[in-house]
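Engineer: give me coordinates for this.
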Amino acid sequence: MATLTNTGTSALPVNGIVLLVVNANQYALTNSCGTEVAVGSAGTISVVFKPTSPGQKLAYVRFALGRGAATPALVPSTGLAGL
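Structural biologist: The predicted structure follows:
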């Protein structure tokens with residue numbers, strides 16, 4: 001789980017938080033950020049690994065934020081299944 005916190009002086013636009021993965025059915029992404037994060041507020045992003053086949057799987061969470069934020073940013077997530 002990750003937290004996106006807005007410590008700025010205006011709302012932070014969230015243009016998209018998406019999961020980039022080959023085996024999309026083996027991951028689930030949820031986020032509570034909505035389309036913007038208010039000043040002093042935070043949203044949570046969660047990636048759950050739900051393997052359906054053995055082996056290592058790699059996924060990235062892509063953050064696209066507005067207002068000059070350093071994005072898009074990619075955060076890696078790795079799962080290892082030993083089914």
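Engineer: give the contact list for the closest residue to Ala2 other than its chain neighbours.
Structural biologist: Of all residues not flanking Ala2 in the chain, Ile45 sits nearest, at 4.7 Å (Cβ to Cβ, 6 or more residues apart in numbering). For glycine as for every other residue, the C-beta is placed from the backbone atoms N, C-alpha and C. Residues near Ile45 by Cβ atoms under 8 Å, 6 or more residues apart in numbering: Met1, Ala2, Thr3, Leu4, Ile17, Leu29, Thr30, Asn31, Ser32, Cys33, Val61.
Engineer: now with 6 Å, please.
Structural biologist: By Cβ atoms under 6 Å, 6 or more residues apart in numbering, the contact list for Ile45 reads Ala2, Ile17, Asn31.
Engineer: and for Arg62?
Structural biologist: If you count contacts by Cβ under 6 Å, 6+ apart, Arg62 has them with Val18, Leu20, Pro72, Leu74.
Engineer: so which helix or strand takes in the residue most central in space within the chain?
Structural biologist: The C-alpha lying nearest the average C-alpha coordinate of the chain belongs to Val61 (Cα atoms, centre = their mean; 4.1 Å). Here Val61 sits within strand 55-65, counting by DSSP states H and E.
Engineer: now do whatever helix or strand comes next after that strand: which elements does it pack against?
Structural biologist: Note on strand 55-65: by DSSP H and E, the next helix or strand toward the C-terminus is strand 73-81. Other elements packing on strand 73-81 under the criterion 3 or more Cβ pairs under 6 Å, 6 or more residues apart in numbering; DSSP states H and E are strand 55-65.
Engineer: hang on, the earlier thing: okay, now the residue nearest to the residue nearest to the centre of the chain when sequence neighbours are not counted: neighbour count?
Structural biologist: Leaving aside its chain neighbours, Val61 sits nearest to Val75 (4.6 Å; criterion: Cβ to Cβ, 6+ apart). Counted with other Cβ atoms under 10 Å, residues neighbouring Val75 total 13.
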